[in-house]
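**Q** Dropping the sequence and predicted coords here.
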Amino acid sequence: MFLLLLAAGAPHLLFGDLQEGLTLLGFVLVTLVTCSGLFEPAET
């Protein structure tokens, strides 16, 4: 799913609106960081 969103964001940057492409890729990155568990508290 994330690869599909990244693949959709790349043509937006190349051929479409720069602001829309950056917004899409920004939200994809936020979702990836959130789902990766990077900000979960460490288990002790």
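**A** Sure thing, it's come through.

**Q** Ramachandran coordinates for T31?
**A** Taking degrees, to the nearest 10, you get phi -70, psi -40 for the backbone angles of T31.

**Q** That one against G9, yeah?
**A** No - using Cβ atoms under 8 Å, T31 is not in contact with G9, being 12.0 Å away. Backbone N, C-alpha and C define where each C-beta goes, glycine included.

**Q** who has more neighbours, these two?
**A** G9 (21 against 13; other Cβ atoms under 10 Å).

**Q** contact partners of the one helix or strand A10 maps to?
**A** Following DSSP states H and E, one finds A10 within helix 2-15. With Cβ atoms under 8 Å, 6 or more residues apart in numbering as the test, helix 2-15 has contacts from E20, G21, L22, L24, L25, V28, T31, L32.

**Q** Which among those count as buried?
**A** Among the contacts of helix 2-15, those classed as buried by 16 or more other Cβ atoms under 10 Å are G21, L24, L25, V28.

**Q** ok, of the residues you listed, which one's closest to S36?
**A** V28 (12.3 Å; Cβ to Cβ).

**Q** Take the contacts of helix 2-15 and lay them out in a markdown table including pLDDT and distance to L13.
**A** As requested, those are exported to a markdown table (pLDDT from 0 to 100; distance: Cβ to Cβ, whole Å):
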| residue | pLDDT | distance to L13 |
| --- | --- | --- |
| E20 | 86 | 9 |
| G21 | 85 | 4 |
| L22 | 88 | 7 |
| L24 | 87 | 9 |
| L25 | 88 | 7 |
| V28 | 87 | 12 |
| T31 | 86 | 18 |
| L32 | 85 | 17 |
